[in-house]
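Chemist: Give me the fold of what follows.
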Amino acid sequence: KISRKVKDVVCLTDIELMAIEQLKFNIDRLNYVKDVFLFSCYTGLSFCDLSTLTKTDIQCTGDVHYIKRNRAKTDVQYIIPLSVKAMYLLEKYNYNLPVISNQKTNAYLKEIGDMAGIKKNLHFHLARHTALTMMLSNGVPIEIVAKIAGHTNIRQTQHYAKVVEQRVLAYASKLN
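Modeler: Numbering: from 1, shown residues only. You can find the predicted model right below:
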């Protein structure tokens, strides 16, 4: 029986995310990639699900806007509430985010990471890791994060909780 080694989850810190948010480019392609990456950081959408997102996937109940559909990879339904920042990006592009190929996106993200002074290997899936880890860090119950992520079971979400535990312990060590 072949077992898979579980990789450590790498995500952006609040400071790194803010550094990317504050970047302004004179080159449209970098602004587009930055905005699509940030949208994923705010929502946790994978590249595949983001690239097929349409305006009809956005629903509204009262004042809450959210994405509700099935995940391409697992066919599991997810529901993602949209923050003010996520809604701003959707409205900026008239609900049609400028998604280019995953390969080009990752190449441009390396440029963006260098300009933001981020030492981590910036790639699109890092946005999903960042979103899910931040949700857990902000006290969102793991069951809800699993539903947002479209995971087939909660065990898939639990490796993000390990990162949160490490962040709490790192913070606690600074208190002493």
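Chemist: quick one: buried residues of stretch 94-102?
Modeler: Leu97, Val99 (16 or more other Cβ atoms under 10 Å). No exception for glycine: its C-beta is placed from N, CA and C like everyone else's.
Chemist: what pLDDT, on average, does that stretch get?
Modeler: Stretch 94-102 shows a mean pLDDT of 96.
Chemist: Give me the contact list for that stretch.
Modeler: 29, 32-33, 35-36, 39, 47, 50-51, 53-55, 58, 89-90, 105, 124 (Cβ atoms under 8 Å, 6 or more residues apart in numbering).
Chemist: again, 6 Å this time
Modeler: Stretch 94-102 is contacted from outside by Tyr32, Val36, Phe47, Ser51, Lys55, using Cβ atoms under 6 Å, 6 or more residues apart in numbering.
Chemist: residues touching the first one, list them.
Modeler: Taking Cβ under 6 Å, 6+ apart as the definition of contact, the neighbours of Tyr32 are Pro98.
Chemist: Go again with 8 Å.
Modeler: Counted by Cβ under 8 Å, 6+ apart, Tyr32 has contacts Pro98, Ile100.
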